[in-house]
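J.: from the sequence below, what's the structure:
(chains A and B)
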2 protein chains.
Amino acid sequence: MPRGPLMIIGGAEDKVRKPTILKHFVALSGGRDARIAVIPTASSLGREVVEVYDALFTKFGAAAVDAVRPESREQAHDPALVKAIDEATGVFMTGGNQLKLSSIVCGTPVGEAILRAHERGAVVAGTSAGASIQSSHMVAFGVGGATPKQRMTQVAAGLGLVGETVIDQHFDQRNRYGRLLMIVAQSPQLLGIGVDEDTCGLVEDVDGDLVMRVLGKGAVTIFDGSRMVSNAYEAKRSSPLLASGVVFHTLPEGAVFDLTTRALVAQQPAVDPEEADELAEAGRDLRQLARDIAAADATPAAIARRLKKRRTPPTSS
Amino acid sequence: MPRGPLMIIGGAEDKVRKPTILKHFVALSGGRDARIAVIPTASSLGREVVEVYDALFTKFGAAAVDAVRPESREQAHDPALVKAIDEATGVFMTGGNQLKLSSIVCGTPVGEAILRAHERGAVVAGTSAGASIQSSHMVAFGVGGATPKQRMTQVAAGLGLVGETVIDQHFDQRNRYGRLLMIVAQSPQLLGIGVDEDTCGLVEDVDGDLVMRVLGKGAVTIFDGSRMVSNAYEAKRSSPLLASGVVFHTLPEGAVFDLTTRALVAQQPAVDPEEADELAEAGRDLRQLARDIAAADATPAAIARRLKKRRTPPTSS
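T.: You can find the predicted model right below:
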């Protein structure tokens, strides 16, 4: 059994108008057979948050939704909570304070059960704090800003569902370029992954590579510091960092990126069906025209008539 | 005579507490021999802005400060204004609306005089709008945000003091990653240069290469799209863009970057004199210790005594 899909959601996913990401989560978890465990520990409004996701996942057809809500490391040893995760086909971690979530669940039976769920093929999803905790190295907290500065953020240990990475969320909306870059500048072996709001990196194991496909309204930004030059080990206090030669990728919906080889996976360009029909017709016209010219059978007037016949040009202006 | 230095200032340069950048401009322009032409056309408070820079440049020792303030293309043909620029050792363009500045001066005798000043070796500096106009392709206006989206900004033609570039300013403070990236995604031959507030890219001609040294409090960010994969030619309306494989550099004070070869220029690490003395002393101690050990003359107690003698460790913790 391959490891299950991970859904890394940048927070504020649409719940009302166009809840593409949450519907996708239920579908991946088995649709009408889905058993979802919701972990709201990051949130200070745990009960209310569970009610919202319970209503949504039920509406999208899930068979069962269980709240798994440890509020201390002691509670994270509760066998009933572990059982709910062990029986789940999908685990969903809500937003809130990722350091609360990680410091309560990591290294406890509940934390182990989440890792086990991933290993046995269940879907593990998380939004905002629930996205951050999926990486091996987690942004604990920090400040916004585009320019990376020494000490602008702190790193803690995450669950490590995605190894050798650091994940940040609300990326565009809270201007978190700088803090993610600071972490990559200090730890260049980590791949920096910044996820916008209402956007999801869907990570799957494809022949041993971790391959991410982007869903949703925004983009996923990748920082690859493999060949970077940096002064992070000697920069003073809060001064801006040198980080030269970082390779980056900003990936909108539909883009596919191999996190293991750190390279874009080429996609067929998406063409809408109507446009495809027009293109095919234009192609036939041009081939006919080429034949006419070859047969010395095309006067300028005949060419003009043929081109006029077509209502739309073959390419956009 | 080589072309003169360019100072590309990201806006809000310190004028009171630590006016490093403006002092540097006066010094480069000749110090006590400096004749400065201030061009406040971008600003809607032209007269007041000139008064501020006049007071500052005079305080920093400039011999003369002239206002060159065309408010229309017609006025930008005024021989008196052209003469003031032709006699200047330094030209300073203020902040404001860069599209007002470019649409009044570009392609007029005043615009030609600025280009001529650069060619004959005078310093040409500009802050905010006055920075933007120095590039060949200028950000006309646009919106903030970290994720590049189709149509989030518009490009107009700048003075072209720095060719094949697009310069943006207030870069960190107004979160302009996205719009600069959008332009680079659409025009990958342009090098994107984003300058933070109170920060300056000082560009000089070094053996035919344009070499930039960073001064000031923030950083200069470079986007190099040479090897980028992008969907900019087919992305719809305001959707996020794909831009994969952009190489970028964030450069704090002291960093040197070759804009022509698009590569960091290696610098000697800066070591403060006190630290250097300590390092030298620690080095002597270690050499002595190595000699003692080689002479079988070092007991553990002697080594401990020697190490204890030193008040500070040779490296930081």
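J.: quickly list the domain ranges of chain A.
T.: With domains defined by automatic domain parsing, chain A comprises A:6-265, A:273-309.
J.: which among the ones you listed is found nearest to chain B?
T.: Nearest to chain B among those is domain A:6-265; the distance by Cβ to the nearest Cβ comes to 3.9 Å. Every residue, glycine included, has its C-beta placed from N, CA and C.
J.: residue ranges in the stretch 201-317 of chain A under the pLDDT threshold?
T.: Within the stretch 201-317 of chain A, the ranges that satisfy pLDDT under 70 run A:269-271, A:297-299, A:302-303, A:305-317.
J.: near chain B, which residues of it?
T.: Selection of the stretch 201-317 of chain A residues close to chain B by Cβ under 8 Å from any Cβ of the partner chain yields A:217-219, A:221, A:229, A:231, A:234-235, A:239-253, A:255, A:257, A:264, A:269, A:316.
J.: ok, which stretches of the stretch 151-300 of chain A are helices?
T.: With helices called from DSSP state H, counting those that start in this stretch, the stretch 151-300 of chain A shows them at A:177-186, A:273-294, A:300-309.
J.: any chance of these in TSV, with mean neighbour count too?
T.: Shown next, in TSV, are the helices of the stretch 151-300 of chain A (neighbours: other Cβ atoms under 10 Å in any protein chain shown):
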stretch	mean neighbour count
helix A:177-186	26
helix A:273-294	12
helix A:300-309	11
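J.: circling back to that earlier point, just the residues of the stretch 201-317 of chain A next to chain B: which are in strands?
T.: Taking DSSP state E, the ones among those that sit in strands are A:219, A:221, A:229, A:243-252, A:257, A:264.
J.: if any of those residues are buried, give me the PyMOL selection for them.
T.: Selecting only the buried entries of these in PyMOL, with 16 or more other Cβ atoms under 10 Å in any protein chain shown as the criterion:
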select buried, chain A and resi 219+221+229+243+244+245+246+247+248+249+250+251+252+257+264
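J.: which of the ones in strands among the residues of the stretch 201-317 of chain A next to chain B sit farthest apart?
T.: A:V229 and A:P252 (29.1 Å; Cβ to Cβ).
J.: contacting residues for A:V220?
T.: By Cβ atoms under 8 Å, 6 or more residues apart in numbering or on different chains, the residues touching A:V220 are A:10, A:193-196, A:199, A:201, A:212, A:214, A:250-251, A:255, A:257.
J.: so which of those residues is the most crowded?
T.: Counting neighbours by other Cβ atoms under 10 Å in any protein chain shown, A:G10 comes out on top of the contacts of A:V220 with 33 neighbours.
J.: kindly check the end-to-end length of stretch A:39-47 for me.
T.: Distance between the two ends of stretch A:39-47: 10 Å, counting by Cα to Cα, to the nearest Å.
J.: also stretch A:152-160?
T.: 23 Å.
J.: what residues sit buried inside it?
T.: Quick answer for stretch A:152-160 (16+ other Cβ under 10 Å): A:M152, A:T153, A:V155, A:A156, A:G158, A:L159, A:G160.
J.: now the residue lying closest to the last one once chain neighbours are set aside: which helix or strand?
T.: For A:G160, the nearest residue in space outside its immediate sequence neighbours is A:S136; the separation is 4.1 Å by Cβ to Cβ, 6 or more residues apart in numbering or on different chains. For A:S136, the host element (DSSP states H and E) is strand A:135-142.
J.: show me what that strand packs onto, helices and strands only.
T.: Applying 3 or more Cβ pairs under 8 Å, 6 or more residues apart in numbering or on different chains; DSSP states H and E, one finds that strand A:135-142 contacts helix A:98-105, strand A:153-157, strand A:162-169, helix A:177-186.
J.: average pLDDT for the second one?
T.: Strand A:153-157 comes out with an average pLDDT of 91.
J.: that strand: partners in the sheet, and parallel or antiparallel?
T.: strand A:135-142 (antiparallel) (DSSP bridges).
J.: so what touches the strand it pairs with?
T.: Contacts of strand A:135-142 (Cβ under 8 Å, 6+ apart): A:98-99, A:102, A:132, A:152-158, A:160-168, A:176, A:179-180, A:183, A:187, A:190, A:193.
J.: is it fair to say A:G126 lies in a strand?
T.: Yes - per DSSP: H, G, I helix; E, B strand; the rest coil, A:G126 lies within a strand segment.
J.: which one is it nearest to, not counting chain neighbours?
T.: Spatial nearest neighbour of A:G126, excluding adjacent residues (Cβ to Cβ, 6+ apart): A:M93 at 3.6 Å.
J.: where does that neighbour land on pLDDT?
T.: 98.
J.: run a quick neighbour tally on it.
T.: 30.
J.: repeat for A:S72
T.: Neighbour tally, A:S72, other Cβ under 10 Å: 11.
J.: pull out the buried positions in stretch A:135-145.
T.: Buried-residue list, stretch A:135-145, by 16+ other Cβ under 10 Å: A:S135, A:S136, A:H137, A:M138, A:V139, A:A140, A:G142, A:G144, A:G145.
J.: and these, which two are furthest apart?
T.: It's A:S136 and A:G145 that sit farthest apart of these, by Cβ to Cβ, at 24.4 Å.
J.: so what's the residue most central in space within chain A up against?
T.: Residue closest to the average C-alpha location in chain A (Cα atoms, centre = their mean): A:G201, at 1.6 Å. A:G201 makes contact with A:L6, A:M7, A:I8, A:I193, A:V195, A:M212, A:R213, A:V214, A:V220, according to Cβ under 8 Å, 6+ apart.
J.: surely the third one is in a strand?
T.: This points to A:I8. Yes - the assignment for A:I8 by three-state DSSP puts it in a strand.
J.: quick check: it vs A:V211, distance?
T.: Distance, A:I8 to A:V211, by Cβ to Cβ, to the nearest Å: 13 Å.
J.: so if I had to pick from the two, which one is more boxed in?
T.: Between A:I8 and A:V211, counted using other Cβ under 10 Å, A:I8 has the larger neighbour count: 27 against 17.
J.: my guess is that one meets A:A129, correct?
T.: No - applying Cβ atoms under 8 Å as the test, A:I8 and A:A129 come out as separate, 11.7 Å apart.
J.: picking that back up, and which of the ones in strands among the residues of the stretch 201-317 of chain A next to chain B is nearest to A:D172?
T.: A:A219 (7.2 Å).
J.: who does the residue lying closest to the closest one once chain neighbours are set aside form a beta bridge with?
T.: Among residues not flanking A:A219 along the chain, B:P240 sits closest, at 4.0 Å (Cβ to Cβ, 6+ apart). Counting by DSSP bridges, B:P240 forms beta bridges with B:K149.
J.: same deal with the one 4 residues further on?
T.: With DSSP bridges applied, B:S244 shows beta-bridge pairing to A:H249, B:V229.
J.: check contacts around it.
T.: Applying Cβ under 8 Å, 6+ apart, the residues near B:S244 are A:H249, A:T250, A:L251, A:A255, A:F257, A:L264, B:M228, B:V229, B:S230.
J.: can you tell me how far the fifth one is from B:G192?
T.: For A:F257, the distance to B:G192 (Cβ to Cβ) stands at 22 Å.
J.: rewinding a little: now distance to A:F60 too, for the helices of the stretch 151-300 of chain A, in JSON lines please.
T.: Listed next are these as JSON lines, based on distance: least, Cβ to Cβ, whole Å:
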{"stretch": "helix A:177-186", "distance to A:F60": "31"}
{"stretch": "helix A:273-294", "distance to A:F60": "27"}
{"stretch": "helix A:300-309", "distance to A:F60": "48"}
